[in-house]
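Engineer: Model the structure of this input:
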Amino acid sequence: MKLKVGPVLGFESGSIYTVCFSTDKSVQQAQLVLNNETISCLKVGETPSSSVWRAECSVSPTPHAQEFTYKVKLDNTTAKCQNNRDQWTFVYPGSSDTPNIAYTSCNGFSSMDLMHKSQAPFRLWDKMTKQHAHKPVSLILMGGDQLYADDIWSTIPELKKWNALNHKDKISRKATKTMCDQIDRFYDRIYQERWASESMSFMLASAPSVMMWDDHDIFDGWGSFPDKLQNCEVFQQIFKTAKKYFELFQIRSKHNKSLLDSDAQHYAFALKFNNYNILGLDNRTERTLNQVMGNDTQWPLVNEYLSNLDGDGHLLVMSAVPVVYRDFSFSESVFDQTPWEEELTDDLKDHWRSKEHQGERARLIHRLLENAQRRRSINPDSKTVILSGDVHLGCIGVINDTARQCKIHQVVSSGIVHPAPSRLQWIGIMAVTNDRCEYLDEGRNIRISMLTPFSSDKYIRQRNYVTLELGSDKKLWVNWESEGKDKPSYPIE
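Structural biologist: Model prediction:
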């Protein structure tokens, strides 16, 4: 028997591992066999072609690493994945071990043209697989665009018809049952097809992952369109369907123990892994042109989490779009005055430095600095790192607060599959943006700037993923594994 998607290994709060997968609808019973222990699986949802299952197991921590082997049984028959594997192994690091953490984003292509021009689309997944064989990845943090759904507009017949309408008719048009069914089948298909790469599927089954979405998991620019278009019935139906699949396969259902509020519409989460506290910000579910996270929903939970987080361990904050990056405000102000505003809005309004989001960005930075100051007063070695992707290159920045005597670093890694901007595109980006130092307060105590990794240009214009590992020098070493000849790295003190 064959699995349609997965298995996808996940990690949640405490020491809870999960395994998620989908099967043919005819399957009546699914079980996980973990080191000869049989665990019943819970059916958590259905798609047009499959049933989606979730297994949960709690692993007791020990001082040293433990190895676990598992397989999936469907109606008492051992199942195989799409690449004909029927058994997988993962390693749970010991409490005295230094875990090897990877961070990825942008796992796909925004156009067929880019895909056709990529000679080895999954080269970095192949590289991670080889490294994993010698030094197991303890946890993969996936920061958005785990797959690209942009071709929804060109492959679904009912949406192609909708695209031909004028703006007014688009907004008033209802989402028909035929359209809804086609959208559902589209997301069903792309999860099955695009998570089937041999090396990627192996890593998703062999190293636990934690995922948060970004716009391409829905479609390009979601949340940064004008309100009337964003709230029209067709857009909302697409979002509703994309959300269903994100919840099933990336969050692994509302049973996920790390969610800050399992009853909320957003998916913000927090968990502890070894010596790391991980906070995932949902920057898409509640996003509009005027907000990134809901004031009455997600923000109170994020504030509460940060208020209660003490000095035990480091803090990794997953924000899909970079908080520290080049300034697009000049080009945004120009386009605001042109007929092309709507066309370009998702490229410019998406950024945290967009004028509508600058206040909320400052609020996030101040909250993180307050937390960093308190944690460092308890544990001087504690670090705060924002992990981001989205921009299709790698870089690092720092927020330095001289008044509070603390720092926050931001690491950008993007993309593991999506190509970097071409030389011509990058020249254009640099021409309309800048990376001058920014001061967040009147006293110029909070300075925000871009840094240059060792053995690298300031911006790594190559496909890449990042590994994070604490060294014996108590520095958090950031290494960009890229396709280029350089070996970029940076030690966060």
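Engineer: hey, let's count contacts and neighbours off CA atoms from now on
Structural biologist: OK.
Engineer: where does M115 fall, phi/psi-wise?
Structural biologist: phi -60, psi -40 (degrees, to the nearest 10).
Engineer: which residues does it contact?
Structural biologist: 109, 121 (C-alpha atoms under 8 Å, 6 or more residues apart in numbering).
Engineer: What does the pLDDT read for it?
Structural biologist: The pLDDT attached to M115 in the predicted structure is 81.
Engineer: now swap in the one 4 residues further on and tell me
Structural biologist: In this prediction, Q119 carries a pLDDT score of 82.
Engineer: Tell me the secondary structure at it.
Structural biologist: coil (DSSP: H, G, I helix; E, B strand; the rest coil).
Engineer: Ramachandran angles for it?
Structural biologist: Dihedral pair for Q119: phi -70, psi -30, per degrees, to the nearest 10.
Engineer: Tell me how many other residues surround it.
Structural biologist: 8 (other C-alpha atoms under 10 Å).
Engineer: gap between it and D113?
Structural biologist: 12 Å (C-alpha to C-alpha, to the nearest Å).
Engineer: Tell me, domain by domain, which residues of this structure belong where.
Structural biologist: Following automatic domain parsing, one gets these domains for the chain: 1-93, 98-147+195-213+250-492.
Engineer: Just put these in a markdown table and tack on distance to P226.
Structural biologist: Formatted as a markdown table, these follow (distance: least, C-alpha to C-alpha, whole Å):
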| stretch | distance to P226 |
| --- | --- |
| domain 1-93 | 31 |
| domain 98-147+195-213+250-492 | 7 |
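Engineer: Give me the below-cutoff pLDDT ranges for this protein.
Structural biologist: Counting by pLDDT under 70, the chain has low-confidence residues at 329-347.
Engineer: For the residue nearest to the spatial centre of it, which residues are in contact?
Structural biologist: With distances taken as C-alpha atoms, centre = their mean, G143 lies nearest the centre of the chain, 1.8 Å away. Contact partners of G143, counting by C-alpha under 8 Å, 6+ apart, are 103-106, 211-214, 318-320, 387-389.
Engineer: any idea which element E67 lies in?
Structural biologist: Per DSSP states H and E: E67 is located in strand 66-74.
Engineer: ok, residues contacting that strand?
Structural biologist: 1, 27-35, 78-80, 86-94.
Engineer: Among those, name the buried ones.
Structural biologist: Among the contacts of strand 66-74, those classed as buried by 16 or more other C-alpha atoms under 10 Å are 1, 30-34, 78-80, 86-88, 90-94.
Engineer: Nearest to V44, out of the contacts of G143: which one, please.
Structural biologist: Comparing the contacts of G143 against V44 with C-alpha to C-alpha places M211 closest, at 17.8 Å.
Engineer: burial of the closest one, as a residue count?
Structural biologist: For M211, using other C-alpha under 10 Å, the count is 24.
Engineer: got it, and K161?
Structural biologist: 12.
Engineer: sec struct for it, please.
Structural biologist: Assigned by three-state DSSP, the conformation of K161 is helix.
Engineer: circling back to that earlier point, looking at the domains of the chain, which is nearest to K177?
Structural biologist: Nearest to K177 among these is domain 1-93; the distance by C-alpha to C-alpha comes to 13.7 Å.
Engineer: next one: the closest one to chain centre, how far?
Structural biologist: Relative to its chain's centre, domain 1-93 lies at 22 Å (C-alpha atoms, centre = their mean, to the nearest Å).
Engineer: Buried ones in the strand holding E67, by neighbour count?
Structural biologist: For strand 66-74, by 16+ other C-alpha under 10 Å, it's 70-74.
Engineer: Using TSV, lay out those together with distance to H357.
Structural biologist: Below are the buried residues of strand 66-74 laid out as TSV (distance: C-alpha to C-alpha, whole Å):
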residue	distance to H357
Y70	45
K71	46
V72	45
K73	48
L74	48
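Engineer: Relative to H409, which of those is nearest.
Structural biologist: Comparing the buried residues of strand 66-74 against H409 with C-alpha to C-alpha places Y70 closest, at 37.2 Å.
Engineer: for the domains of the chain, which one sits closest to A175?
Structural biologist: domain 1-93 (18.0 Å).
Engineer: ends of the closest one, how far apart?
Structural biologist: Separation of the first and last residues of domain 1-93 by C-alpha to C-alpha is 32 Å.
Engineer: where does Y187 land in three-state SS?
Structural biologist: Classification of Y187 using three-state DSSP returns helix.
Engineer: Share the number of residues neighbouring it, please.
Structural biologist: 24.
Engineer: Test my guess that it contacts Y245.
Structural biologist: Yes - if you go by C-alpha atoms under 8 Å, Y187 and Y245 touch, sitting 7.0 Å apart.
Engineer: Just the buried positions in the biggest helix by length in the chain, please.
Structural biologist: Scanning the chain for the helix with the most residues, using DSSP state H, yields helix 358-378. Buried residues in helix 358-378, counted by 16+ other C-alpha under 10 Å: 358, 360-362, 364-365, 368-369, 371-376.
Engineer: what's the most distant pair in these?
Structural biologist: Longest span within the buried residues of helix 358-378, C-alpha to C-alpha: Q358 and R376, 26.5 Å.
Engineer: What's the end-to-end length of stretch 30-45?
Structural biologist: From the first residue to the last, stretch 30-45 extends over 13 Å; the measure is C-alpha to C-alpha.
Engineer: What's the local residue count around the residue nearest to S377 when sequence neighbours are not counted?
Structural biologist: Sequence neighbours aside, G311 is the residue nearest to S377 in space, at 7.7 Å (criterion: C-alpha to C-alpha, 6 or more residues apart in numbering). G311 has 20 neighbours, counted by other C-alpha under 10 Å.
Engineer: Would you agree G311 is in contact with N379?
Structural biologist: Yes - taking contacts as C-alpha under 8 Å, G311 lies within contact range of N379: 5.3 Å.
Engineer: what about the spatially closest residue to D75 that is not a sequence neighbour, distance to D86?
Structural biologist: Computed as C-alpha to C-alpha, 6+ apart, the closest residue to D75 that is not its neighbour in sequence is Q29, at 5.1 Å. Distance, Q29 to D86, using C-alpha to C-alpha: 17 Å.
Engineer: contacting residues around A65?
Structural biologist: Contacts of A65 (C-alpha under 8 Å, 6+ apart): 91-95, 97.
Engineer: now with 6 Å?
Structural biologist: By C-alpha atoms under 6 Å, 6 or more residues apart in numbering, the contact set of A65 is 92-94.
Engineer: can you check I408 too?
Structural biologist: 384-385, 398-399.
Engineer: With K174 instead?
Structural biologist: Each residue near K174 by C-alpha under 6 Å, 6+ apart is listed here: E233.
Engineer: Distance of it relative to P226?
Structural biologist: Taking C-alpha to C-alpha, one finds K174 at 18 Å from P226.
Engineer: Give the pairing partners of the host helix or strand of V44; include direction for each.
Structural biologist: Using DSSP H and E, the element containing V44 is strand 42-46. Using DSSP bridges, the strands paired with strand 42-46 are strand 50-58 (antiparallel).
Engineer: got the angle between the strand it pairs with and strand 66-74?
Structural biologist: Orientation check (axes from the mean of the first three to the mean of the last three C-alpha atoms, to 10 degrees): strand 50-58 against strand 66-74 gives 150 degrees.
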